[in-house]
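>>> attaching a predicted model along with its sequence, questions to come.
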Amino acid sequence: MDKSQDPDQAIVPSRTPGPSSIESRVTDFARLGVLALFAYLSLKLVTPFALIAVWASILTVALYPLYRFLRMLLGGRPRLAAATITLLALVVIAGPLAAIVVDFAEAAQAIFAKLEGGKLVVPPPSENVRNWPLVGDWVYGTWAQASVNIDASLKRFAPYLLKASGVVVEKIAGFGVDMLGFIAAVIASGFLFVPGPRLGEGAAAIARRLAGDRGAGFVNLAASTIRNVARGVIGVAAVQAMLSAVVLAIFDVPAPGVLAFVILILCIVQIGPALVLLPVAIWAWMTMDTASAVVFSALLVPIILIDNIAKPILVARGLSTPILVILAGVIGGTLSYGLIGLFLGPVVLSVFYDLVLTWLRDVPPRNGAPPTP
């Protein structure tokens, strides 16, 4: 080789990967493929239990302060505390369901008994029904026919009644399946209380891998949001439903268990108990004496208004997230994903809100300006 050769004309080493580099890449792709396959199969295997697992996790987080109190009360026996709180949760769920089933069974039995004995009587319609817009004449005629000959009316509307009853039975069956899944989640949550601290540390470790040092803070925010929603939404709704059931039962309102359950659902989805209690109050003024109607209505007023005071205080307690963000998550999550969205919605919005604030605080100042406080 000529020593006088221009250095700029030196031979540049080739960047073409060698056999060992290609083999390592193929090995990496193979490993990733096997890992993806195992991840896919694992997800397929746990999919049937995913909803139960999510509910069990939510229940464990929401009830963990109560479990900790029971454990201290029972002399530091964690398994006994977990079993006690699981049994209490099952009783709380089974009690209202049993009342609803009994009310439905009694109502259905009474209707069938009157049908078989020919004692089912439909009162004749009022003349004011004719004045209803659009449907007044049709409703009056159909109602009058049913008051004269109920058997003929039932035969006339039998196809529609069968179709409607099929839809009702389907909805009841779906509700029953959902309740069985929820009961299974309650039982599963009983096994999560004892290893709860280790599970929390594992969740925080995963969050740190994904979000750095702030990951543990996001996990704590999610847990606090779940507990506050459980207290402020579920807790207040349960109190309103129980108070409603007591008042309705004292004043002999028909089907108090069913009405209380409807009130519970309406309060959870943020509609409120007024949709049920206001018509019941009107019915009370039409059927009760004046003194009883006044007392009944006076007892219903605080039941209707209690969530306006208690809910904002309990939901926002100890959180930096604004109450509007949490309530938006509660309502939006419930409308989008049903009952489980009641918890997922505020958790997602709270974490996202905190992420946005963190991102805005971390923006570097421009032109030497001090950072925004």
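Thanks, I have the structure now.

>>> heading C-terminal from the strand or helix carrying residue 239, find the next helix or strand.
Applying DSSP states H and E as the criterion places residue 239 in helix 236-250. The element immediately downstream of helix 236-250 (helix or strand, assigned by DSSP H and E) is helix 256-268.

>>> before we move on, the earlier item: helices and strands around the helix holding residue 239, which ones?
Judged by 3 or more C-beta pairs under 8 Å, 6 or more residues apart in numbering; DSSP states H and E, helix 236-250 is in contact with helix 256-268, helix 274-287, helix 290-315. In short, each C-beta sits where N, CA and C put it, glycine included.

>>> what is the last one packed up against?
In terms of contacts (3+ C-beta pairs under 8 Å, 6+ apart), helix 290-315 is packed against helix 215-229, helix 236-250, helix 274-287, helix 323-337.

>>> of these, give the one that comes closest to residue 317.
In terms of C-beta to C-beta, the element of the helices and strands packed on helix 290-315 nearest to residue 317 is helix 215-229, at 6.0 Å.

>>> picking up where we left off before, and the helix holding residue 239, what's buried?
For helix 236-250, a neighbour-count test (16 or more other C-beta atoms under 10 Å) marks 236-245, 247-248 as buried.

>>> in TSV, list those along with distance to residue 162 and pLDDT.
Supplementary listing: these in TSV, determined by distance: C-beta to C-beta, whole Å; pLDDT from 0 to 100:
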residue	distance to residue 162	pLDDT
236	40	88
237	35	88
238	37	86
239	40	89
240	36	90
241	33	89
242	37	90
243	39	91
244	34	91
245	33	89
247	37	92
248	32	91
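
>>> between those, which sits nearest residue 71?
Distance from residue 71 was checked for each of those by C-beta to C-beta. The minimum falls on residue 238, at 23.2 Å.

>>> show me the contacts for that closest one.
residue 264 (C-beta atoms under 8 Å, 6 or more residues apart in numbering).

>>> equivalent analysis for residue 170, please.
Shown here is residue 170, which makes no contacts under the criterion C-beta under 8 Å, 6+ apart.

>>> name the helix or strand for it, please.
With DSSP H and E as the criterion, the answer for residue 170 is helix 158-190.

>>> got the angle between the helix or strand following that helix and helix 215-229?
Next helix or strand after helix 158-190 toward the C-terminus (DSSP H and E): helix 196-211. Relative orientation of helix 196-211 and helix 215-229, computed by axes from the mean of the first three to the mean of the last three C-alpha atoms, to 10 degrees: 120 degrees.

>>> buried stuff in helix 196-211?
The neighbour-count check on helix 196-211 (16+ other C-beta under 10 Å) flags 196, 200, 203-204, 207-208, 211 as buried.

>>> by contact count, what packs against it?
Checking 3+ C-beta pairs under 8 Å, 6+ apart, helix 196-211 ends up next to helix 50-73, helix 215-229.

>>> quick check: next helix or strand after the longest one?
Beyond helix 50-73 in the direction of the C-terminus, DSSP H and E gives the next helix or strand as helix 78-117.
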